[in-house]
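Colleague: model this:
(one chain, ligands or ions: 1)
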Amino acid sequence: MGSIEVSKIDSVEQLRDLPKGLSFFDPLIGHEVKEALESGGETYLSKDPNGVTNGLFIYDNYEVTGTIFTSSREVFDYFYKLKPSSYIFSELDVPELPKQVWNIWQLDVDKAQADYSFKHRVVIESDVAEIERFMALAQLETNKRWISVALKNGDRCFVVKIAGRIVGMAWMTIVGDVARSHGLFVARRFRRMGMMMDNYHARLLYLKARHVHTLVNEIAEDNVASASLAAKEGEKVVGKIFLYTSPG
Ligand SMILES: CC(C)(COP(=O)(O)OP(=O)(O)OC[C@H]1O[C@@H](n2cnc3c(N)ncnc32)[C@H](O)[C@@H]1OP(=O)(O)O)[C@@H](O)C(=O)NCCC(=O)NCCS
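Modeller: Take a look at the predicted model:
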C-alpha cells in the first residue's frame with residue numbers, strides 16, 4: 001500500500017482528526033459521512049507516515065459513486081482503484097485521467113435578489129414514498145435508503161406539485177451557516193416554466209430565515225440549463241470538482 005495507512009470508519013466521531021482545508025466542502029463533510037454511513041455506504045480515512053490524516057473517501061455501493069477528499073496523488077490513486085467501475089468525484093485534478101469538469105458555484109445569500117413573484121407553489125416535502133416515486137423517474141440510480149436518512153438528518157426537499165404529484169425537486173443540506181443544494185430536477189414537460197426558479201427563491205427565503213449566508217452547488221460544465229439558472233441568480237464559480245470513472 002506504500003506509505004499511507006488506510007482504515008475503514010463506522011462512525012462520524014472517528015473524523016475528529018480531519019484537518020481543515022482538506023476540501024472546499026469542509027463544513028459539510030461530517031454531515032455527508034453521517035448520511036453515507038446511515039444509508040449503508042462506506043467511509044475510509046488515510047494517514048501519512050506521521051499519522052496525520054491526509055484523505056477521506058466516501059462511497060455508496062448502491063449508486064457506485066464516491067468522493068475522494070485529498071490533495072495527495074498517492075491517496076487519490078489508492079481510493080480510485082479501491083472501487084472499480086465507479087463514478088468518483090474529487091477536487092484533485094489528475095491531468096492524465098479522462099474526466100468531466102464540474103464547477104462549484106456559490107451564492108452570497110445576504111446579497112441575493114429579494115424581490116420575486118412566484119408562479120408556482122413550492123412546499124417542503126417529507127413524504128418518503130412521494131419523494132421516492134419522483135426520484136425513481138429523475139435519478140434512477142438514487143440509493144432509496146438515503147431519502148429517509150436525509151430527512152431524519154435535517155435535509156430539506158423542496159418541491160413543486162401539479163395535481164398532487166411532484167414534478168420538480170431540489171434538496172438542500174444545511175450545516176451551520178452553509179447550505180448545499182443538490183438533486184435538482186424538473187420533469188421534462190414542465191421545464192422552462194419557471195419551476196426551478198420558484199424552487200430556488202423558496203430555498204432562498206428559507207435560508208435567510210435560518211441565517212444561512214452561503215449557498216453552494218456543483219454543476220457539470222456542460223449543463224447549460226443549470227449553469228444559466230445559477231448565473232442568473234448571481235452565483236459565482238469559486239472552484240472545480242472532477243468526475244472520474246474508475247478502471248474496471
Ligand atoms: C436545470 C433544470 C432543473 C431547470 O429547471 P426549469 O424549471 O426548467 O428552470 P426554469 O424554468 O425555472 O428556468 C429558469 C432560468 O434558468 C435558465 N434555463 C433553464 N433552462 C434552460 C435551458 N434549457 N437553456 C438555457 N437556460 C435555461 C434560464 O435563464 C431560465 O430563465 P428564462 O426561462 O426566463 O430564460 C431542468 O432543466 C432539469 O431538470 N434539468 C435536468 C436535470 C439537471 O440538469 N439538474 C441540475 C443538476 S446540477
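Colleague: contacts, neighbours, all on C-alpha from now
Modeller: Will do.
Colleague: I'd like to know how many residues surround the spatially closest residue to residue 93 that is not a sequence neighbour.
Modeller: Distances taken as CA to CA, 6 or more residues apart in numbering place residue 242 nearest to residue 93, at 6.9 Å, with adjacent residues excluded. Residue 242 is flanked by 19 other residues according to other CA atoms under 10 Å.
Colleague: Find the helix or strand that the residue positioned nearest the centre of the chain is a member of.
Modeller: For the chain, the residue sitting closest to the mean C-alpha position, by CA atoms, centre = their mean, is residue 182 at 5.3 Å. Following DSSP states H and E, one finds residue 182 within strand 178-186.
Colleague: Between the two ends of stretch 159-168, how far is it?
Modeller: With CA to CA, to the nearest Å as the measure, stretch 159-168 spans 5 Å from end to end.
Colleague: List the residues that contact residue 185.
Modeller: 138, 168, 169, 170, 196 (CA atoms under 8 Å, 6 or more residues apart in numbering).
Colleague: Quickly list what it is bridged to.
Modeller: Applying DSSP bridges to residue 185 yields these beta-bridge partners: residue 169.
Colleague: quick revisit: enumerate the beta-bridge partners assigned to the residue nearest to residue 93.
Modeller: residue 90, residue 101.
Colleague: is it true that it touches residue 101?
Modeller: Yes. The pair residue 242 / residue 101 is scored as a contact, 4.9 Å apart, by CA atoms under 8 Å.
Colleague: Would you mark the buried spots in the helix or strand harbouring residue 151?
Modeller: For residue 151, the host element (DSSP H and E) is helix 144-152. Neighbour counts over helix 144-152 (16 or more other CA atoms under 10 Å) mark 144, 145, 146, 147, 148, 149, 150, 151 as buried.
Colleague: export those residues to a markdown table and tack on distance to residue 211?
Modeller: Output for the buried residues of helix 144-152, formatted as a markdown table (distance: CA to CA, whole Å):
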| residue | distance to residue 211 |
| --- | --- |
| 144 | 30 |
| 145 | 30 |
| 146 | 26 |
| 147 | 25 |
| 148 | 25 |
| 149 | 24 |
| 150 | 21 |
| 151 | 20 |
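Colleague: burial count for the nearest residue to residue 94 once chain neighbours are set aside?
Modeller: Using CA to CA, 6+ apart and skipping the chain neighbours, the partner closest in space to residue 94 is residue 73 (7.9 Å). Neighbourhood size, residue 73 [other CA under 10 Å]: 11.
Colleague: Residues of the chain that sit close to the ligand?
Modeller: Residues of the chain found near the ligand (CA under 6 Å from any ligand atom) are 184-186, 191-197, 219, 224-226, 228-229, 232.
Colleague: Now do stretch 236-245, average pLDDT.
Modeller: Per-residue pLDDT over stretch 236-245 has a mean of 98.
Colleague: ranges for the strands of this protein?
Modeller: Using DSSP state E, the strands of the chain run over 5-9, 42-47, 53-60, 65-70, 87-90, 100-108, 122-125, 156-162, 165-175, 178-186, 214-220, 236-245.
Colleague: As JSON lines, these with distance to residue 22 would be great.
Modeller: Below are those laid out as JSON lines (distance: least, CA to CA, whole Å):
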{"stretch": "strand 5-9", "distance to residue 22": "16"}
{"stretch": "strand 42-47", "distance to residue 22": "12"}
{"stretch": "strand 53-60", "distance to residue 22": "7"}
{"stretch": "strand 65-70", "distance to residue 22": "6"}
{"stretch": "strand 87-90", "distance to residue 22": "11"}
{"stretch": "strand 100-108", "distance to residue 22": "16"}
{"stretch": "strand 122-125", "distance to residue 22": "32"}
{"stretch": "strand 156-162", "distance to residue 22": "26"}
{"stretch": "strand 165-175", "distance to residue 22": "17"}
{"stretch": "strand 178-186", "distance to residue 22": "17"}
{"stretch": "strand 214-220", "distance to residue 22": "17"}
{"stretch": "strand 236-245", "distance to residue 22": "13"}
